[in-house]
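> sequence-free structure coming up:
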């Protein structure tokens with residue numbers, strides 16, 4: 001009997017359109033002989049299944065079921081493609097865990113931890129993971145530009161602490177621009193992180209559980225047209241994404257091993273994509289995405305293709321791992 005798969009997409013953040021694209025890619029590429037997919041839109045005010053004719057049917061939030069044409073549908077597994085809240089910060093995972101419904105991404109604690117850039121780097125540093133120099137701000141704090149520049153230098157990056165796809169991020173070159181950059185960050189979150197500038201090659205490393213094994217995918221080099229890998233670079237084609245990266249075999253293995261070590265130490269599951277910058281010859285960790293984009297413009301599917309893994313195989317493996 002085919003497994004009924006709810007493909008969760010949408011979400012409550014600025015990334016919901018990206019998530020819809022990712023969810024539709026999964027919907028089109030699941031093996032029809034094994035799975036019966038359903039597109040589940042999880043929005044701020046309503047949750048519903050969209051059928052082939054685009055008719056919406058409301059989800060019963062008490063048990064995550066849906067009734068379509070008098071047929072009650074219960075789901076065997078949830079394929080999580082929500083970027084941002086609630087799919088990438090642990091809320092959806094905790095809800096599904098309470099209902100005992102398997103899902104394809106990491107557990108709720110790991111999701112909440114990795115979505116919080118400040119907490120994540122604090123956890124990883126004792127394992128020897130190199131990062132930028134950081135300064136933390138909360139909304140309402142007195143902002144002292146002199147103190148910030150003394151700590152992290154210029155240029156620096158001011159980021160929303162809990163946001164994805166480069167929303168709420170500014171590259172600051174002058175001390176007097178820090179206040180405006182903080183305002184931009186606080187438009188996305190009430191916490192901010194300010195990071196020193198790391199000068200070097202930026203790479204992205206996908207790590208997945210594939211057929212029961214932790215696998216680091218081929219490394220992608222990111223060459224943005226603009227100042228950094230922002231939203232336009234990620235989703236509007238304003239960057240070069242070169243897979244495999246133009247780095248030595250030694251550096252490739254080094255950054256893959258660090259990414260796999262982080263995956264294992266954090267007890268991750270499903271797909272992850274970690275970003276690093278080779279600063280002074282050493283990979284410095286930037287962030288980890290636990291529901292990375294899987295649309296045509298996304299990096300992880302490009303890496304999987306280079307590894308000889310089709311989307312059907314990639315998505316099917318994630319579901320089977322969750323079901324086990």
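That came through fine. All values reported here derive from a predicted model rather than from experimental measurement.
> what's stretch 302-319 in contact with?
Contact with stretch 302-319 is made by 3, 5, 25-26, 29-31, 34-35, 77, 79, 104, 204, 206, 208-211, 215, 217-220, 241, 243-244, 270-271, 294, 301, as judged by Cβ atoms under 8 Å, 6 or more residues apart in numbering. C-beta here means a position set from N, CA and C on the backbone, and glycine is covered the same way.
> Quick check on the residues you listed: which are buried?
3, 5, 25-26, 29-30, 35, 77, 79, 104, 204, 206, 208-210, 215, 217-220, 241, 243, 270-271, 294, 301 (16 or more other Cβ atoms under 10 Å).
> how near is residue 268 to residue 307?
18 Å (Cβ to Cβ, to the nearest Å).
> rewinding a little: please narrow the contacts of stretch 302-319 to those residing in helices.
25-26, 29, 301 (DSSP state H).
> And the residues you listed, which is closest to residue 249?
Nearest to residue 249 among the ones in helices among the contacts of stretch 302-319, counting by Cβ to Cβ, is residue 301 at 23.6 Å.
> Next one: the nearest residue to the closest one once chain neighbours are set aside, what pLDDT does it get?
Once flanking residues are discounted, residue 301 sits nearest to residue 294: 5.5 Å by Cβ to Cβ, 6 or more residues apart in numbering. Listed pLDDT for residue 294 reads 91.
> In the stretch 51-200 of the chain, where is pLDDT below threshold?
164-166 (pLDDT under 70).
> Mind doing that once more with 90?
84, 162-168, 188 (pLDDT under 90).
> Strands of that one, residue ranges please.
Under the criterion DSSP state E, counting those that start in this stretch, strands of the stretch 51-200 of the chain are mapped to 56-60, 65-68, 71-74, 77-80, 134-138, 156-160, 169-172, 191-196, 200-210.
> ranking those strands by burial, who's on top?
Burial of those is given as mean neighbour count (mean count of other Cβ atoms under 10 Å); strand 77-80 ranks first at a mean of 28.
> Now do residue 224: how many residues are near it, please.
17 (other Cβ atoms under 10 Å).
> quick one: it from residue 204, how far?
Residue 224 is 12 Å from residue 204, by Cβ to Cβ.
> related to what we said a few turns ago, just flag the most distant two among the ones in helices among the contacts of stretch 302-319.
26 and 301 (10.5 Å).
> Show the model's pLDDT score for residue 235.
With respect to pLDDT, residue 235 scores 48.
> in the stretch 201-324 of the chain, which ranges drop under the pLDDT threshold?
Scanning the stretch 201-324 of the chain with the threshold set as pLDDT under 90 gives 224-240, 295-298, 324.
> Mind jotting down where the helices sit in it?
Assigned by DSSP state H, counting those that start in this stretch, the stretch 201-324 of the chain shows helices spanning 231-235, 249-265, 299-306, 311-323.
> what separates the closest residue to residue 277 other than its chain neighbours from residue 152, distance-wise?
With sequence-adjacent residues excluded and distances taken as Cβ to Cβ, 6+ apart, residue 277 is closest to residue 198, at 4.2 Å. Distance, residue 198 to residue 152, using Cβ to Cβ: 11 Å.
> Quick check: neighbours shared by these two?
Common contacts of residue 198 and residue 152 (Cβ under 8 Å, 6+ apart): residue 132.
> Domains in the protein, by residue range?
Domain ranges of the chain: 3-104, 113-130+198-323, 134-196, per automatic domain parsing.
> Surely residue 38 forms part of a strand?
Yes: using DSSP: H, G, I helix; E, B strand; the rest coil, the assignment for residue 38 is a strand.
> Centre-most residue in the chain?
Centroid check for the chain by Cα atoms, centre = their mean gives residue 289 as the closest residue, at 2.7 Å.
> The closest residue in space to that residue that isn't next to it in sequence: neighbour count?
Spatial nearest neighbour of residue 289, excluding adjacent residues (Cβ to Cβ, 6+ apart): residue 273 at 4.7 Å. Using other Cβ under 10 Å, residue 273 is surrounded by 24 other residues.
> Please list all residues in contact with residue 95.
Going by Cβ under 8 Å, 6+ apart, residue 95 touches 64, 86.
> picking up where we left off before, could you check which of residue 268 and residue 307 is surrounded by more residues?
More crowded of residue 268 and residue 307, by other Cβ under 10 Å: residue 268, with 23 against 16.
> That one contacts residue 206, doesn't it?
No: using Cβ atoms under 8 Å, residue 268 is not in contact with residue 206; the gap is 11.9 Å.
> do you know how far residue 310 is from residue 206?
Distance from residue 310 to residue 206, by Cβ to Cβ: 15 Å.
> Name whatever forms a beta bridge with residue 131.
residue 285 (DSSP bridges).
> residues in contact with the closest residue to residue 97 other than its chain neighbours?
Using Cβ to Cβ, 6+ apart and skipping the chain neighbours, the partner closest in space to residue 97 is residue 108 (6.1 Å). By Cβ under 8 Å, 6+ apart, the residues touching residue 108 are 90-91, 93-94, 97.
> Now list the buried members of those.
Counted by 16+ other Cβ under 10 Å, these give 90-91, 93 as buried.
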